[in-house]
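In: got a sequence here, can you build the structure:
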Amino acid sequence: MDSTKRIYLDHAATTPVETEVINVMNNYFLENWHNPSSIYLEGQKASRAIDNAREYIANSIGANPEEIFFTSGGSESNNLAIRGVIDAFSGQKIDILTSSIEHHAIIDPIELLFTQGKISFSLINPTKNGIIEKNEILKNIKNETKLISIMHANNELGAINNIREIVKAIKKERPDILFHTDSVQYVAHHNINVKQLGIDLLSFTGHKFYGPKGVGVLYIKNGTPISPQIVGGGQEQNMRAGTENVASIVGLSKAMEISNNTRDEDIQHDRNLYMYLMQGIKDKISDIGFTGPTEITDRIPGLLSMIIAGVEGESILLGLDINGIAASSGSACSTGSIEPSHVLTSIGMPNDLARGSLRLSIGRMNNEKDIEQVHKKLPKVINNLRNLATEKKVMKKNEIEWLNN
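Out: Numbers count the residues shown, from 1 in each chain. Below is the predicted model:
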């Protein structure tokens, strides 16, 4: 193996753009770069490219083309879904249900709406493995509940929620409640059909499946009450003003086409490397626990999440980076102190243990040699950090239980 080659294991954060996608996009940067709202020939070519992308994406997820709205990414799609629905119910008493392990692009808009006095909300805690159970949702529904938003798959734990069963149970009791799912991580790996899921709104973005950054989709079921959040133009059926990002929209469609064609191969590849990666780490590092569902089919392919006792997540990342490996942690560095991930604390993990989180997410470019380098370098990084610790920490009973279970 080339010792200068860096190993990228953070595909849950973003993915490299496929060459085929870049080639398709270049045409709309260099040749067909015109404004799709213009009436002349070149503008209409750009407009047709958007229409074709919209139709392909709609067909891919079982939607109608007019139900597909292009945005700048998953965060904007989530904000439009949450804030747009709440604005549509303006003047009414509104309650929202969501989970405590959602992405901040869900939790933060909801908390902002709460501070503005527009809504009340409740957070549903997951199981220890990161699964949101339908019964927990059902018993928290209020008379004024208008919207429920539960993520399709968690970005830190890899846990996949059974959205179809959750929606079916909710709609049976309260067909008037709107249901949104943040499917950014799930769509990156699996086929979906929005009609079969029974949802009203769904968000995803292109850069999680080898497409460009800066473009996403919000599926809005026909008839769903929602108000635009960016105004000043008639684009996207008056739902989202601004000249369309034609090249990225076309790139998103192409990336989805490639993913659809390589789906089974990608899943098998990621799962095989995941199992190889996990077994080697388990054999070589002590006091370690893996998080998320134990069944491989219940989690995102290729996403391995773990906690490592006696070390800080940020220190692990720096050590891996020096050794040529790019990874991520569930911890966030804030004002000089390491704060544990809200996802990990929501599943009941002790704070000290949660600070030692590590996420390795596999992609198309990875191979067994990459995994072998992790097996070789990660144990050395952990041993060095533990040896450098000025104070040898004695684990508490609840921390030991977490690692053993």
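In: lowest-pLDDT helix or strand in this structure?
Out: strand 332-334 (a mean of 45; mean pLDDT, DSSP states H and E).
In: quick check: longest helix of the protein.
Out: Longest helix of the chain, by residue count under DSSP state H: helix 246-284.
In: any buried residues in the following helix or strand past that helix, and which?
Out: The helix or strand immediately downstream of helix 246-284 is strand 288-290, counting by DSSP states H and E. Buried residues in strand 288-290, counting neighbours by 16 or more other C-beta atoms under 10 Å, are found at 288-289. (Each C-beta comes from the backbone N, C-alpha and C, glycine too.)
In: just checking, what packs against strand 288-290?
Out: Contacts defined by 3 or more C-beta pairs under 8 Å, 6 or more residues apart in numbering; DSSP states H and E place strand 288-290 against helix 246-284, strand 303-308, helix 397-404.
In: who's in contact with it?
Out: Where contact means C-beta atoms under 8 Å, 6 or more residues apart in numbering, the residues beyond strand 288-290 that reach it are 278, 281-282, 304-309, 402-405.
In: and if we set it to 10 Å?
Out: Contacts with strand 288-290, where a contact means C-beta atoms under 10 Å, 6 or more residues apart in numbering, come from 157, 278, 281-282, 304-310, 349, 353, 356, 358, 382, 399-405.
In: buried among the residues you listed? Need that as a selection in PyMOL.
Out: Selection of buried members from the contacts of strand 288-290 for PyMOL, criterion 16+ other C-beta under 10 Å:
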select buried, resi 157+278+281+304+305+306+307+308+309+310+349+353+356+358+382+399+402+403
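In: Three-state assignment for Asn79, please.
Out: At Asn79 the chain is in helix, as set by DSSP: H, G, I helix; E, B strand; the rest coil.
In: neighbours around it, how many?
Out: When neighbours are counted by other C-beta atoms under 10 Å, Asn79 registers 20.
In: hmm, it is touching Pro228, no?
Out: No. Taking contacts as C-beta atoms under 10 Å, Asn79 lies outside contact range of Pro228: 11.6 Å.
In: where are the low-confidence patches of this structure?
Out: 1-3, 330-338, 390-395, 397, 405 (pLDDT under 70).
In: domains for it, by residue range?
Out: Listed domain ranges for the chain are 7-15+263-404, 19-258 (source: automatic domain parsing).
In: what's the end-to-end length of the last one?
Out: Domain 19-258 has its terminal residues 11 Å apart, counting by C-alpha to C-alpha, to the nearest Å.
In: can you give me how far that domain is from the chain middle?
Out: Relative to the centre of its chain, domain 19-258 is centred 12 Å away, using C-alpha atoms, centre = their mean, to the nearest Å.
In: Glu257 and Val21 touch, don't they?
Out: Yes. Counting by C-beta under 10 Å, Val21 is a contact partner of Glu257 at 9.2 Å.
In: higher neighbour count, those two?
Out: Val21 (25 against 17).
In: ok, that one - contacts?
Out: Here Val21 is in contact with 206, 209-212, 248, 250-258 (criterion: C-beta under 10 Å, 6+ apart).
In: recalculate using a threshold of 6 Å.
Out: Going by C-beta atoms under 6 Å, 6 or more residues apart in numbering, Val21 touches 211, 251, 254-255.
In: what about those residues, which one has the most neighbours?
Out: Neighbour max across those (other C-beta under 10 Å) = Gly251, 30 neighbours.
In: how far away is Asn162 from Leu252?
Out: 27 Å (C-beta to C-beta, to the nearest Å).
In: same drill for these two, tell me which one is more crowded.
Out: Leu252 (28 against 16).
In: contacting residues for the closest residue to that one other than its chain neighbours?
Out: Of all residues not flanking Leu252 in the chain, Gly206 sits nearest, at 3.7 Å (C-beta to C-beta, 6 or more residues apart in numbering). Taking C-beta under 6 Å, 6+ apart, we find Gly206 in contact with 212, 215, 252, 255.
In: and for Lys221?
Out: Here Lys221 is in contact with Asp200 (C-beta under 6 Å, 6+ apart).
In: how much space separates it from Ile249?
Out: Lys221 is 21 Å from Ile249, by C-beta to C-beta.
In: next: Val311.
Out: 43 Å.
In: with Val187 instead?
Out: Distance from Val187 to Ile249, by C-beta to C-beta: 16 Å.
In: so the closest residue to Val217 other than its chain neighbours: helix, strand or coil?
Out: Once flanking residues are discounted, Val217 sits nearest to Phe204: 5.5 Å by C-beta to C-beta, 6+ apart. On the three-state scheme (three-state DSSP), Phe204 is labelled strand.
In: helix or strand: which one has Arg359?
Out: Here Arg359 is assigned to strand 357-361, by DSSP H and E.
In: contact partners of that strand?
Out: 9-12, 302-307, 313, 316, 327-331, 344.
In: same check, this time on stretch 154-169
Out: 12, 101, 130-132, 134, 150, 152-153, 179, 181, 185, 197-199, 291-293, 298-300, 303, 305, 330, 343.
In: and it, what's buried?
Out: 154-163, 166-167.
In: stretch 75-87 too?
Out: Neighbour-count burial for stretch 75-87 [16+ other C-beta under 10 Å]: 75-86.
In: again, but for stretch 108-116
Out: 109-110, 113.
In: which of those residues sits closest to Pro16?
Out: Pro16 has its nearest neighbour among the buried residues of stretch 108-116 in Pro109, at 29.4 Å by C-beta to C-beta.
In: doesn't the closest one fall inside a strand?
Out: No. Checked against three-state DSSP, Pro109 lies outside a strand; its state is helix.
In: phi, psi of the nearest residue to it once chain neighbours are set aside?
Out: Of all residues not flanking Pro109 in the chain, Ile82 sits nearest, at 4.6 Å (C-beta to C-beta, 6+ apart). Taking degrees, to the nearest 10, you get phi -70, psi -60 for the backbone angles of Ile82.
In: who touches the spatially closest residue to Met278 that is not a sequence neighbour in this structure?
Out: Using C-beta to C-beta, 6+ apart and skipping residues adjacent in sequence, the residue nearest Met278 is Leu304, 5.6 Å away. When contacts are counted by C-beta under 6 Å, 6+ apart, Leu304 touches 274, 277-278, 360.
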